[in-house]
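Chemist: Let's see this in three dimensions:
(chains A, B, C and D)
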There are 4 protein chains.
Amino acid sequence: MLGKIALEEAWTLPEASSSFDPLSLAPKGVIGGDLGANLLDIHSERLSQMNENGVELMVLSLVSAGIQGLSDRSAAENLARTANDALEAAVLQNPTRFAAMSALSMHDAAQAAAELRRCMTQKRGFVGCLLNDFQSAGEDGNTMLFYDAPEYDVFWAAAEELDAPVYIHPRSATPLIQAQMWKGREQLAYSALGYANRVNMHALGIITSGVLDRFPGVKLVLGHMGEHIPYDLYRIDHKLNRARFPNMRMRKDKLVRDYFGSQVFITTSGHFSTPALLCALTEIGADAIMFSIDYPFESIPNGSVWFDEHVRDSLNSRDLVKIGRNNALKVYPKLKETPHELKEMTPSECGVEGLKTDEGEVEFGLYNKHWSKRLIKQ
Amino acid sequence: MLGKIALEEAWTLPEASSSFDPLSLAPKGVIGGDLGANLLDIHSERLSQMNENGVELMVLSLVSAGIQGLSDRSAAENLARTANDALEAAVLQNPTRFAAMSALSMHDAAQAAAELRRCMTQKRGFVGCLLNDFQSAGEDGNTMLFYDAPEYDVFWAAAEELDAPVYIHPRSATPLIQAQMWKGREQLAYSALGYANRVNMHALGIITSGVLDRFPGVKLVLGHMGEHIPYDLYRIDHKLNRARFPNMRMRKDKLVRDYFGSQVFITTSGHFSTPALLCALTEIGADAIMFSIDYPFESIPNGSVWFDEHVRDSLNSRDLVKIGRNNALKVYPKLKETPHELKEMTPSECGVEGLKTDEGEVEFGLYNKHWSKRLIKQ
Amino acid sequence: MLGKIALEEAWTLPEASSSFDPLSLAPKGVIGGDLGANLLDIHSERLSQMNENGVELMVLSLVSAGIQGLSDRSAAENLARTANDALEAAVLQNPTRFAAMSALSMHDAAQAAAELRRCMTQKRGFVGCLLNDFQSAGEDGNTMLFYDAPEYDVFWAAAEELDAPVYIHPRSATPLIQAQMWKGREQLAYSALGYANRVNMHALGIITSGVLDRFPGVKLVLGHMGEHIPYDLYRIDHKLNRARFPNMRMRKDKLVRDYFGSQVFITTSGHFSTPALLCALTEIGADAIMFSIDYPFESIPNGSVWFDEHVRDSLNSRDLVKIGRNNALKVYPKLKETPHELKEMTPSECGVEGLKTDEGEVEFGLYNKHWSKRLIKQ
Amino acid sequence: MLGKIALEEAWTLPEASSSFDPLSLAPKGVIGGDLGANLLDIHSERLSQMNENGVELMVLSLVSAGIQGLSDRSAAENLARTANDALEAAVLQNPTRFAAMSALSMHDAAQAAAELRRCMTQKRGFVGCLLNDFQSAGEDGNTMLFYDAPEYDVFWAAAEELDAPVYIHPRSATPLIQAQMWKGREQLAYSALGYANRVNMHALGIITSGVLDRFPGVKLVLGHMGEHIPYDLYRIDHKLNRARFPNMRMRKDKLVRDYFGSQVFITTSGHFSTPALLCALTEIGADAIMFSIDYPFESIPNGSVWFDEHVRDSLNSRDLVKIGRNNALKVYPKLKETPHELKEMTPSECGVEGLKTDEGEVEFGLYNKHWSKRLIKQ
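Modeler: Predicted coordinates for the structure are as follows:
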């Protein structure tokens, strides 16, 4: 599909090396050949693969845990500013192909709000912000700051005022929890399940504490097909019995599920599962789902082939184009403005309708282009 | 769900008794107690059941085969006018609860266009028209007129100009085919499968003959969950190999599937199947599906309980409200105008969000209201 | 997936050229290059493609309309015998890769039963029979014989006694109906929809006439994802109101849906649609579905890539292997006997489990093998 | 559906009051009126509701956190023995309606194995065991013992030898984690999401540590629709890149998904979500799913109405009966032996086939029994 927009795409700058060591995740040669180099690159290999795979625009954000991993407040605030300045410069080199999400220190909500305001109003190319789960704090880095606490309302107010969607991204656990639960279990410490488990609790905390009610213009975005929440929505709402939790601040006439599609959205980043997508399609609807890759932790062609060929095989083209592109323009309205200037596209413009008669195509539904020779061996 | 709109709802007038004998379909006591009386009634029992089941508006049409069953041209044209005049009068008694589809004689396309124009411009309460498959013609009633023939372009031009969606409804077969294929097989002659099989070929003929390309403002509506077409879409398009059918007039750069959601829509009338609905949801998308009942051949509470309880259990509330109401206002824009004045509604306004805290509800997801006593025995 | 079994695979012999002219379906170069040659070939190109695509065995049958197209009784009976003799010889050249379905003249049920008995008991390699919808009869070929008529009970009794599943395959309409309905509408005369519409009524007639009740060992198989019936099952059963059809012979305590998985089965032949397959999965269950291709009207690699890559992406490996192979061994028990000797296989044996560690595979879920280069462009 | 078997059904005895205070979960009047009393009751109200809802048998287990909540080893071992003795006595009062799962102290794997052996061989009525996530240990109760550690192999060996499936049930977090993460967030501390998040990591640890490979006869059962794992399966396996985790002990030629249906099974307990069930149906298959309620935390009629009416509306009867009953007999073979003597049942025996002609039913597919009056208002 042409014209795809990808939202959860990581990038880093040399100054951030203290907060993310790619070797901690993968030895060279394992993920994408050289994870460190891929994170630093924007306009070369990354853009070339975007071109080859119909990805029109990537929204870039500082690699996790990013600022949230810095338990020292001033180090965090300084690196956020540095990163945002660098990202603005990078994005403005090619603003019809790249946009930016702010990195924010969440030690102090007012300072976070101010930095978000700086990005959204004084800088160019920013369309929202991305927070990597809880903010590390304390001398040993074991204190966790969660943004459902009342003191963060000043931040949420700014996000609403600036129409800046807040992407809630996973991060690694504290040293204490790592040691307590996963010593000698590397495969759990870095498991997909674990990342999702942590961040989905944080997101649920934000929703059930009433943030979305007090700030009805706030939009949350969750990656990895919603971090399990769409699958669990019935049970989450079912067990939030209002008589058991009389002090829960979320509106009593709303359910967690009711926020999806208006204030909560999910992306497909790194969870290229058609059954999970179809489950989300029924539970939260096509209007609440957006394409993303999670580059460079995921391969651009892999995510794109999944979407362009496999999802296309299971989904009508109208919803395909909503998910692949148009929903992102609704959730992130800044993408339609200068300097990005993106527009909604039709299925025909995205190349997912009709036969390619100009290429001699006369038959729909070919999974293997040649009649007698098997071309696809996966 | 409150605010539902139902589109394929039959009605008759005494003058039409020659073209439809309810006893041919069901002895008294079998379908809804008294099919004949139910067809004649609008403002009494029918309205009362609509009230009890959250059906805000029914669009009424003359019962099948209606005018299409009259092989005599002038009888057909006369009854169409009589029926349309009577339906206008009936609808205008309560135009916020009822609207009308024109009945048309299809013996002569220009006359059909004129009668449609009369309904849509000189009369009030009409929002589109409904055709019961082919028009019977010839002395023995065995001639079938199909509307993909070039001479019908004058009719399609009028439908486009008047923004009148054309509902293609099934009807019984000709006497010849009845005798040839289903003698002694009553259960086949009146089977759901047979009705769908006939009308889906007619609809496919209209699409593949290029009517929708020549008249891009024309909208077709198919009942009974699309008369099998959504399930068969892959194969239909796959086998319409352009090299085999070089003379097919449909645009070569479009597929049959591409018309769904923009020019072709389906309703749920009489096919209260959640698996079929979910299949249609992926193949053609929530924007292409509209709720309908098929009263009085189907029970209003049965169709409504299916939609309000069972579909609601399998579908997010945004898509539920699209299908139950809002899509109909897009496909039939006249419903938003005088004298109907319907408006789009939100899930909350339709009562399909949140807890009913005013009724003391504290827990989501109860299929059986009482904790320990089984109330629903089906 | 290794070890696939395909059940609806056509073949012809020169003597049958009068009953099937491949040029009537496709000019040379359109379907598979040379449809006529592909039908005649078994052990060369066909087998080579089976090898390349993991198809272990094809059950062959005479191309439609085959014997059913011959309205002359003795011509039909003679060609059936000739074809069965020729097919036995062909299959026995390589009986672990090919098996046979009998062709039968259905002019006379007792003769059909006798020929079926001859194939199943005196010949080798036969596992069931295939009937191409109704039998043409009468001088002008416009008479249609349907097998739900009581005189066919002698045939069904033989099918039960011989444990020979009866595959009900579509065929073209009579000359009369072709002329009446599709003159000048080539794309309808040969549309996928039309073929399915005709054969599904015949199948429904057989079921509702009580054949499966009187002969509980009879098994029917329908191709093309069940010829629409799975999508329509709710409505078919819903409208077969017993009070309307008191003379319907099917057991009153059974529904049409209840026969699927025990006496009625479907195949995927020529309908490589994942949404349709998933709809069938819920409505009739994985135990009732079997893989097939419909060669040479369909491409072996196309059907196989769909199943091996796309269906595999949407379905657990246990059900994949049931559908791809193991169900066929339950429905057609003769496949487990001499001379075929097929055995049930596990997902691991079929190569649809685990990582291919011997090939250096370290990561699951790659739709595109290369990390940075797009290999699949469809 | 008649003949349902429910597997995750809690019970307690007065001696266990120190390890579970129902008031910690719900004030009287909130969940089922009196959670404490409902836990103590077996043969009165519980059995009466089972009768009314077609639940033939419940497998009972000590309420969570049960023995796992006791950080003192000898207190844990003593209470386990006491509870097992009491449960045997209770079950043997009505062994065709109730069966037992052992409670086990997991402080010492050999002792756990011995107690499991005592239950499975010297006692009657036991069909497996249930562990409530990690074992609390240490003076402050903050130490967590996980059963993927090598010293637990002696326990897994016993579970395999005794053919005792191990149900892994969630429990509350340690005091430390409660304080650190959810202080003032009651709705998170007891959220469905949180319980699932903890236990799914433990289950994934057991699987990825190779327990199921070393003991191929071991069967794990997970409640709550698989504690999110089916939705996340693609991503779990995708991210378990073998080059990143060379020391992971799970077989390198298997994926986590490959264990479902043979060694890992899920139940529907407390997650009465049709979309989640359908997602699991495609990802792990009908053979891997079993019905359960989670009484008395969930209402028996609520879970049963969901399954009998809503799931039945979306699923063929063969798979319905597998999930509702027959799979349990395969996973828990002891249920087929003395003193339980349960047998597999057909859809017809379970009352989910055909029309109830003896009750005058003539029409399939009625969601609302009365034609014109709405009976179901939910």
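Chemist: Every contact and neighbour count from this point should use C-alpha atoms.
Modeler: Fine.
Chemist: Need the pLDDT of A:Q378.
Modeler: Note on A:Q378: pLDDT of 48.
Chemist: How about the residues of the stretch 251-378 of chain A by chain C?
Modeler: A:272-275, A:299-303, A:305-306, A:309-310, A:313-314, A:365-374, A:376, A:378 (Cα under 8 Å from any Cα of the partner chain).
Chemist: What about chain B: which of those residues touch it?
Modeler: Answer for these near chain B (Cα under 8 Å from any Cα): A:S314, A:G365.
Chemist: Buried members of the residues of the stretch 251-378 of chain A next to chain C into PyMOL, please.
Modeler: A single PyMOL command suffices to select whichever of these are buried according to 16 or more other Cα atoms under 10 Å in any protein chain shown:
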select buried, chain A and resi 272+273+274+275+299+300+301+302+303+305+306+309+310+313+314+365+366+367+368+369+371+372+373+374+376
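Chemist: what residue lies at the spatial centre of chain A?
Modeler: A:E8 (3.6 Å; Cα atoms, centre = their mean).
Chemist: mind checking how far that residue is from chain B?
Modeler: 25 Å (Cα to the nearest Cα, to the nearest Å).
Chemist: how close does that residue sit to A:L130?
Modeler: To A:L130, A:E8 is 9 Å away according to Cα to Cα, to the nearest Å.
Chemist: Which residue comes closest to A:T208 once chain neighbours are left out?
Modeler: A:M250 (4.9 Å; Cα to Cα, 6 or more residues apart in numbering or on different chains).
Chemist: show me where pLDDT drops low in the stretch 1-150 of chain A?
Modeler: For the stretch 1-150 of chain A, no stretch is flagged by pLDDT under 70.
Chemist: which bits of it sit near chain C?
Modeler: A:G32, A:Q49, A:E52, A:N53.
Chemist: switch to 10 Å and redo it
Modeler: For the stretch 1-150 of chain A, the residues in contact with chain C (Cα under 10 Å from any Cα of the partner chain) are A:V30, A:I31, A:G32, A:G33, A:E45, A:R46, A:S48, A:Q49, A:E52, A:N53.
Chemist: And stretch A:319-335, what's buried?
Modeler: For stretch A:319-335, by 16+ other Cα under 10 Å, it's A:319-329, A:331-335.
Chemist: touching chain B at all, that stretch?
Modeler: Yes. Judged by Cα under 10 Å from any Cα, stretch A:319-335 comes into contact with chain B at A:D319, A:L320.
Chemist: Just give me the longest helix of chain A.
Modeler: helix A:73-92 (DSSP state H).
Chemist: Can you say which of the residues of the stretch 1-150 of chain A next to chain C are buried?
Modeler: Buried, going by 16+ other Cα under 10 Å: A:V30, A:I31, A:G32, A:R46, A:Q49, A:N53, out of those.
Chemist: element containing the fifth one, please.
Modeler: If you go by DSSP states H and E, A:Q49 is part of helix A:45-52.
Chemist: looking just at contacts, which helices and strands does that helix meet?
Modeler: strand A:4-11, helix A:35-40, strand A:55-62, helix A:300-305 (3 or more Cα pairs under 10 Å, 6 or more residues apart in numbering or on different chains; DSSP states H and E).
Chemist: partners of the third one, with directions?
Modeler: Neighbouring strands of strand A:55-62 in its sheet, by DSSP bridges, are strand A:4-11 (parallel), strand A:98-102 (parallel).
Chemist: quick revisit: make JSON lines from the helices and strands packed on helix A:45-52 and add distance to B:A243 to it.
Modeler: Formatted as JSON lines, the helices and strands packed on helix A:45-52 follow (distance: least, Cα to Cα, whole Å):
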{"stretch": "strand A:4-11", "distance to B:A243": "32"}
{"stretch": "helix A:35-40", "distance to B:A243": "46"}
{"stretch": "strand A:55-62", "distance to B:A243": "33"}
{"stretch": "helix A:300-305", "distance to B:A243": "28"}
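Chemist: wait, which of the ones you listed is closest to B:L104?
Modeler: Taking Cα to Cα, strand A:4-11 is the member of these nearest to B:L104, at 45.9 Å.
Chemist: What about the residue in the stretch 51-200 of chain A positioned nearest to chain B, how many residues nearby?
Modeler: Nearest residue of the stretch 51-200 of chain A to chain B (Cα to the nearest Cα) works out as A:N200 at 19.9 Å. Neighbourhood size, A:N200 [other Cα atoms under 10 Å in any protein chain shown]: 25.
Chemist: Would you mind listing the residues in contact with it?
Modeler: Contact partners of A:N200, counting by Cα atoms under 10 Å, 6 or more residues apart in numbering or on different chains, are A:133, A:168-170, A:194, A:206, A:222-223, A:226-229, D:193-194, D:197.
Chemist: Would you mind checking these for buried ones?
Modeler: The buried subset of the contacts of A:N200 (16+ other Cα under 10 Å) comprises A:133, A:168-170, A:194, A:206, A:222-223, A:226-229, D:193-194, D:197.
Chemist: can you tell me which of the buried residues of stretch A:319-335 are in helices?
Modeler: Checked against DSSP H, the buried residues of stretch A:319-335 include these in helices: A:D319, A:L320, A:V321, A:N327, A:A328, A:L329, A:V331.
Chemist: Name the nearest of these relative to chain D.
Modeler: A:D319 (18.5 Å).
Chemist: mind checking how far the closest one is from chain C?
Modeler: Applying Cα to the nearest Cα to A:D319 and chain C gives a distance of 14 Å.
Chemist: List the contacts of the residue lying closest to A:T357 once chain neighbours are set aside.
Modeler: Nearest in space to A:T357, with sequence neighbours left out and distances taken as Cα to Cα, 6+ apart, is B:D253 at 6.2 Å. B:D253 makes contact with A:S348, A:E353, A:G354, A:L355, A:K356, A:T357, A:D358, A:E361, A:V362 under the criterion Cα under 10 Å, 6+ apart.
Chemist: show me the contacts for the first one.
Modeler: Spelled out, it's A:S348. With Cα under 10 Å, 6+ apart, A:S348 has these contacts: A:M1, A:L2, A:S317, A:R318, A:V321, A:G354, B:D253, B:K254, B:D258.
Chemist: Check the secondary structure at it for me.
Modeler: Put simply, A:S348 is coil when judged by DSSP: H, G, I helix; E, B strand; the rest coil.
Chemist: pLDDT score for it?
Modeler: Reported pLDDT for A:S348: 96.
Chemist: how many other residues sit next to A:E139?
Modeler: If we define neighbours as other Cα under 10 Å, then A:E139 has 9 of them.
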